Structure formats: structure tokens, C-alpha cells
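Novice: Got a sequence here, can you model it:
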Amino acid sequence: MTDTQMDPALHHDLGDKRCALAPAADAAFRAFSRAVFAEGALATKTKQLIAVAVAHVTQCPYCIRGHTRGALKAGASREEIMESIWVAAEMRAGAAVAHSALALAAMNPTSQRPEA
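Specialist: Residues are numbered from 1 along each chain as shown. A predicted model of the protein is given here:
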């Protein structure tokens, strides 16, 4: 998938339009984002690696691209980025395994509750 297929043609114009339509919310979101990714108890690089992993779990192509670039800018190696993606993959698969308990319970007639 190319950048032009994934991104709207006027990507930056769309951001300007969002800001014009809801300037207070846009400013608040941008301030929140800056605060979240600022150095703190966690280094910015670590925060960006977490964001790369979360972006893969949420499957947001814009977030994947932006936070991968952010992680590189914060000093993450390509290997660290790929490891964070593998952590995301394991967590996503792990959730499916954990939730199998629901299916196993549903297969046991004594564990079923009456429908509301």
C-alpha cells in the first residue's frame, strides 16, 4: 500500500480543517500528546516503542507510521522497533488464548447462565 493509497491526498489540510472546526479540542489533544510523550519516569524512546506496539494492536496505519518515525527520532534501533512489534503480536494472540475461557465455559452446559 503506497502513501497515497493510505493517506488522504490533503492530509495536512485535513488537520487544519479539524483544528478550524474544533480549535479548543485540537489544542487540548496536541498538548496532551506532547505531555504524554515528554521525558518522565519513562524515556521518550520507551514511550514511542510502547506506542509502536499499541499502534500495531489497534491496527492504525497512521499511528504505526508516525510512532515508528517517532521511535527512530528518539533513538530506537530498528531491532528495538521490531521487538516491540513482536511484543504486540504476542499480546494480541495472548488475548485470544485468554478469552478461550469464555468459549470453554460456553461449551459446558452447567456453566451457562440464563439469557436476560
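Novice: what's the following helix or strand after the lowest-mean-pLDDT helix or strand in the chain?
Specialist: Of all helical and strand segments in the chain, the minimum by mean pLDDT, DSSP states H and E falls on helix 3-6, at a mean of 54. Downstream of helix 3-6, the first helix or strand assigned by DSSP states H and E is helix 11-21.
Novice: Need the mean per-residue confidence for that following helix.
Specialist: What helix 11-21 shows for mean pLDDT is 86.
Novice: for it, packing partners?
Specialist: In terms of contacts (3 or more CB pairs under 8 Å, 6 or more residues apart in numbering; DSSP states H and E), helix 11-21 is packed against helix 23-37. Backbone N, C-alpha and C define where each C-beta goes, glycine included.
Novice: if I look at the spatially most central residue of the chain, how far off is Y62?
Specialist: For the chain, the residue nearest the mean C-alpha position is A55 (2.4 Å; CA atoms, centre = their mean). Distance check for A55 against Y62: by CB to CB, to the nearest Å, it reads 8 Å.
Novice: In the protein, where is pLDDT below threshold?
Specialist: 1-11, 111-116 (pLDDT under 70).
Novice: Could you point out the longest helix of it?
Specialist: Ranked by residue count under DSSP state H, the longest helix found in the chain is helix 78-107.
Novice: And it, what's buried?
Specialist: Neighbour-count burial for helix 78-107 flags E80, I81, S84, I85, V87, A88 (criterion: 16 or more other CB atoms under 10 Å).
Novice: Also stretch 68-77?
Specialist: So stretch 68-77, judged by 16+ other CB under 10 Å, has buried residues T68, G70, A71, L72, A74, A76.
Novice: now the buried residues of helix 78-107 as CSV including distance to A24?
Specialist: Compiled in CSV, the buried residues of helix 78-107 are given as follows (distance: CB to CB, whole Å):
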residue, distance to A24
E80, 36
I81, 34
S84, 33
I85, 35
V87, 36
A88, 33
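Novice: you'd agree G70 is up against F37?
Specialist: Yes: the pair G70 / F37 is scored as a contact, 7.3 Å apart, by CB atoms under 8 Å.
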